[in-house]
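A.B. asks: Sequence and computational prediction follow.
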Amino acid sequence: MAGSTSIYTIARRHAVATLLSMPIIMWVIPLFVSGKGYSFDAISGIMMPLMVTLLIVGGGGSLLLVCPNCRKSLFMRGPFSVPWPARTCSECQTDLTRIDRKGAPV
Ligand SMILES: [Zn+2]
């Protein structure tokens, strides 16, 4: 069925965005800024808010992206938090590629 996006696809996009922005914040921005001759303090002043934003967006997204059936986070495998979403819910075995975030089939 067309028109709706599976919870797994949404979670995978979230994971890609988080994983891509991580090296940009960790390496590309500091390298770019230090190339401009800014001090370590100035670089930290730019880095800290970006890291906090990434943590909030990354962590918050993974808390919001939960199995529609049992509310378990797609980013939890048993007791562990992982950077990539599960295709099948580790708790109730729901196929997360076939339902949207409200639990409707896609
Ligand atoms: Zn589940």
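C.D. replies: Looks like it came in fine.
A.B. asks: ok, residue 81 - how many residues close by?
C.D. replies: Neighbour count for residue 81, taken as other C-beta atoms under 10 Å: 10. (Each C-beta comes from the backbone N, C-alpha and C, glycine too.)
A.B. asks: my guess is it contacts residue 62, does it?
C.D. replies: Yes. Between residue 81 and residue 62 there is a contact under C-beta atoms under 8 Å: 7.2 Å.
A.B. asks: Select the longest helix from this structure.
C.D. replies: Longest helix of the chain, by residue count under DSSP state H: helix 40-64.
A.B. asks: tell me what it is packed against?
C.D. replies: The helices and strands touching helix 40-64, judged by 3 or more C-beta pairs under 8 Å, 6 or more residues apart in numbering; DSSP states H and E, are helix 7-23, helix 29-35.
A.B. asks: Buried residues in that helix, which are they?
C.D. replies: Residues of helix 40-64 classed as buried under the neighbour-count rule (16 or more other C-beta atoms under 10 Å) are 43, 47, 54, 58, 61-62.
A.B. asks: can I get the residues you listed in JSON lines with pLDDT and distance to residue 75?
C.D. replies: Shown next, in JSON lines, are the buried residues of helix 40-64 (pLDDT from 0 to 100; distance: C-beta to C-beta, whole Å):
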{"residue": "43", "pLDDT": "88", "distance to residue 75": "30"}
{"residue": "47", "pLDDT": "90", "distance to residue 75": "24"}
{"residue": "54", "pLDDT": "91", "distance to residue 75": "15"}
{"residue": "58", "pLDDT": "89", "distance to residue 75": "9"}
{"residue": "61", "pLDDT": "86", "distance to residue 75": "9"}
{"residue": "62", "pLDDT": "84", "distance to residue 75": "4"}
